[in-house]
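*Asks:* the amino acid sequence is not available; the structure is as follows:
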């Protein structure tokens, strides 16, 4: 599991993530009562959906992610990491057709992220995902750069004190947050110069 997590931490293309996801799936099949392999199989598939350039394939990728997140949830219900991942799967579905899916999946995704925050107020990934969502949501729909950046700053504070429960517990997101934070200091509404 640790070796596959190390690969997950360094792989950045959809093709590389597919290989890692397949490894997590094999681990999950061998460790049927452990939630983490299912969680990581779902997480890697979700990231694949975010990275996919072919939007016609995203729903299929996320259907597999949903299957694994549901399995993780059945093993360890009311877990902040799993609940957040449910919201991330829905956020990925929005990317397929933002105009037609934004309202439906956006509200559901936000509800999962809020629930994940309630379950573990110290989980920095919940603030990262909420901040990212707010940052890219137009102000007229309740988002905006200022709201997003405020949440990203909270994520930064949470990451500074966060210690994963074990060496295989979720500990991702710092790099993503560090890439977004400079946009908060930009003078343009979308954070781009």
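*Replies:* Received the coordinates, thanks. All values reported here derive from a predicted model rather than from experimental measurement.
*Asks:* surely residue 34 and residue 71 touch.
*Replies:* No: using C-beta atoms under 8 Å, residue 34 is not in contact with residue 71, being 10.4 Å away. C-beta: built from backbone N, CA, C; applies to glycine.
*Asks:* what is in contact with these two at once?
*Replies:* Common contacts of residue 34 and residue 71, defined by C-beta atoms under 8 Å, 6 or more residues apart in numbering, comprise residue 28.
*Asks:* domains in this protein, by residue range?
*Replies:* 1-105, 121-193 (automatic domain parsing).
*Asks:* mean pLDDT lowest for which of those?
*Replies:* Across those, domain 121-193 has the smallest mean pLDDT, namely a mean of 91.
*Asks:* centre of the chain to it, how far?
*Replies:* For domain 121-193, the distance from its own C-alpha centre to the chain's C-alpha centre is 11 Å (C-alpha atoms, centre = their mean, to the nearest Å).
*Asks:* and residue 48, how many residues sit next to it?
*Replies:* Residue 48 is flanked by 24 other residues according to other C-beta atoms under 10 Å.
*Asks:* surely it meets residue 16?
*Replies:* No: counting by C-beta under 8 Å, residue 48 sits too far from residue 16 to count as a contact (9.4 Å).
*Asks:* list the buried residues in the longest helix anywhere in the chain.
*Replies:* Ranked by residue count under DSSP state H, the longest helix found in the chain is helix 98-119. For helix 98-119, the neighbour count (16 or more other C-beta atoms under 10 Å) marks 102, 105-106, 108-110, 112-113, 115-117, 119 as buried.
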